[in-house]
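J.: Quick one: sequence plus predicted model below, questions after.
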Amino acid sequence: MLTREEIQDLKRTDTSILGSLVKEHKSNGSYVINVLENLGRLPKQFDGSWLVDLLSSENEGIRFLVVKNMGKLSNESYLPLLSKVAKDDTDTNVRREAVSAIGRMRKSNLKQILFDKLKDADPKVVCQAIRGLLVFKGEVEVDERLKQLINHQNEMVVAVIRKEFFATGNIKIEQAHTESYNYLKNVAVHGDTIETMNLLKDESIHLTFTSPPYYNARDYSIYPSYKCYLEFLRNVFNEVYRITKEGRFLVLNTSPVIVPRVSRSQLIFLSESLMQNWKTKTFLAIGINPFFLILI
Ligand SMILES: C[S@@+](CC[C@H](N)C(=O)[O-])C[C@H]1O[C@@H](n2cnc3c(N)ncnc32)[C@H](O)[C@@H]1O
């Protein structure tokens, strides 16, 4: 096994020997991993051609480290390979590392690859693509694509987008607490609740009264799973929280009987997730059946 110092020396003096040694010990996973882990910073002229073969390794740890080292090189000639890995690798960490490597190149012509990765099934990969695209924040297309993710089913993705585009921190409240904006008076809006609330200013609403959709009791309930349903409601109530004035109210008309034989804990899950932040704004849940719950 090579020591870290030997690897560092070979890296600086003769990369091809390093490549040959790795090739020779290809079947020895720990040998290869040891080299890949100890490469450290790579000089610009580093010849990484011997890394390419290792991308077909069955060992996902090796593939991960190969991609990581390719990323350090920031060399566009590896792009087709990295895109393929980002698209096809079976391991999430490897895919994510490939997206990270592409993002770190900070090249405008690579945005489309990152846009495609926003649709990845794994939220960690999506978050990595977001990170890469945030370099271009302020560009209309990038902002539009990213803002759409406020409706993403994963909370991690929503949290990032909320922070970047819908953050409530450091907002300046422009009106007296008791007042309301005229543009909100005597107005009925027909639209998606989250999209509509996105248009409202922070801390602009005194009272929200809502009877949210049921999970599966009516045909407008189109949620693929109970988890997705709760995610939807979480996103809704995060927005309600944002637009509610300090000390003002949300009244929630709800029922714990969402699925057959539901336990009380399922309603508590919903209310707990709502209550986390609702400290100085009041949350009131009223039930529409005997299991009603009032929280003030
Ligand atoms: C339990 S019902 C409440 C009905 C309401 N109280 C009324 O009197 O019309 C839930 C309503 O939410 C609507 N809804 C479901 N998803 C929505 C969304 N994303 N944006 C806006 N409304 C939605 C449904 O169409 C349904 O009319």
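T.: The structure has been received and is ready for your questions.

J.: Now do the strand or helix carrying Lys227: which elements does it pack against?
T.: According to DSSP states H and E, Lys227 maps onto helix 226-243. For helix 226-243, the packing partners by 3 or more CB pairs under 8 Å, 6 or more residues apart in numbering; DSSP states H and E come out as helix 155-165, helix 193-198, strand 205-210, strand 244-254, helix 264-275. Bear in mind the C-beta positions are built from the backbone N, C-alpha and C, glycine included.

J.: Skipping its backbone neighbours, what lies nearest Arg145 in space?
T.: Of all residues not flanking Arg145 in the chain, Phe115 sits nearest, at 5.8 Å (CB to CB, 6 or more residues apart in numbering).

J.: and the gap between the one you found and Ile161?
T.: 14 Å (CB to CB, to the nearest Å).

J.: okay, those two: which has more neighbours?
T.: Neighbours of Phe115 and Ile161, each counted by other CB atoms under 10 Å, are more numerous for Ile161; the result is 21 against 16.

J.: So the more buried one is in contact with Asn151, correct?
T.: No. Using CB atoms under 8 Å as the test, Ile161 is too far from Asn151 to be in contact (9.2 Å).

J.: hang on, the earlier thing: rebuild the helices and strands packed on helix 226-243 as TSV, extending it with mean pLDDT.
T.: Formatted as TSV, those follow (pLDDT from 0 to 100):
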stretch	mean pLDDT
helix 155-165	85
helix 193-198	87
strand 205-210	89
strand 244-254	81
helix 264-275	48
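
J.: The ligand is nearest to which of the ones you listed?
T.: helix 193-198 (3.6 Å; CB to the nearest ligand atom).

J.: Need the contact partners of the closest one.
T.: Ile150, Asn151, Phe166, Val189, Asn235, Val236, Glu239, Val240, Arg242, Ile243 (CB atoms under 8 Å, 6 or more residues apart in numbering).

J.: pretty sure Val157 contacts Ile130?
T.: Yes. With contact defined as CB under 8 Å, Val157 reaches Ile130; the gap is 7.1 Å.

J.: residues shared between the contacts of these two?
T.: Taking CB under 8 Å, 6+ apart as the contact rule, Val157 and Ile130 both touch Leu149.

J.: Contact residues of the chain facing the ligand?
T.: Within the chain, the positions lying close to the ligand (CB under 6 Å from any ligand atom) are Asp192, Thr193, Ser211, Pro212, Pro213, Tyr214, Tyr220.

J.: picking up where we left off before, what separates the helix holding Lys227 from the chain centre, distance-wise?
T.: Remark: helix 226-243 is offset 16 Å from the chain centroid, using CA atoms, centre = their mean, to the nearest Å.

J.: for it, what is the average pLDDT?
T.: On average, the pLDDT along helix 226-243 is 85.

J.: Stretch 122-134 now?
T.: So the average pLDDT for stretch 122-134 ends up being 92.

J.: Would you indicate which residues of it are buried?
T.: Pro123, Val125, Val126, Cys127, Gln128, Ala129, Ile130, Gly132, Leu133, Leu134 (16 or more other CB atoms under 10 Å).

J.: now do stretch 85-99
T.: Going by neighbour count (16+ other CB under 10 Å), the buried part of stretch 85-99 is Val85, Ala86, Asp89, Asn93, Val94, Arg95, Arg96, Glu97, Ala98, Val99.

J.: what do you get for stretch 5-16?
T.: By neighbour count on 16+ other CB under 10 Å, the buried set for stretch 5-16 is Ile7, Leu10, Lys11, Thr15.

J.: Quick one: low-confidence residue ranges for the protein.
T.: Along the chain, segments meeting pLDDT under 70 span 168-173, 216-221, 255-296.

J.: Tell me where it has helices.
T.: With DSSP state H as the criterion, the chain has helices at 4-13, 15-24, 29-37, 49-54, 60-73, 79-88, 92-104, 111-117, 123-134, 140-147, 155-165, 193-198, 226-243, 264-275.

J.: So which of those is nearest Leu207?
T.: Proximity to Leu207 (CB to CB) singles out helix 226-243 among the helices of the chain, at 10.6 Å.

J.: Quickly compare the helices of the chain and say which is most buried.
T.: Mean neighbours per residue, mean count of other CB atoms under 10 Å, is largest over the helices of the chain for helix 92-104, with a mean of 23.

J.: Not counting sequence-adjacent ones, nearest residue to Leu110?
T.: In space, Leu110 is closest to Ile102, 5.5 Å off (CB to CB, 6+ apart).

J.: actually Leu118, not the one I wrote
T.: Leaving aside its sequence neighbours, Leu118 sits nearest to Ala129 (CB to CB, 6+ apart; 5.2 Å).

J.: Let me see the contact set for that neighbour.
T.: Going by CB under 8 Å, 6+ apart, Ala129 touches Val99, Gly103, Leu114, Phe115, Lys117, Leu118, Asp120.
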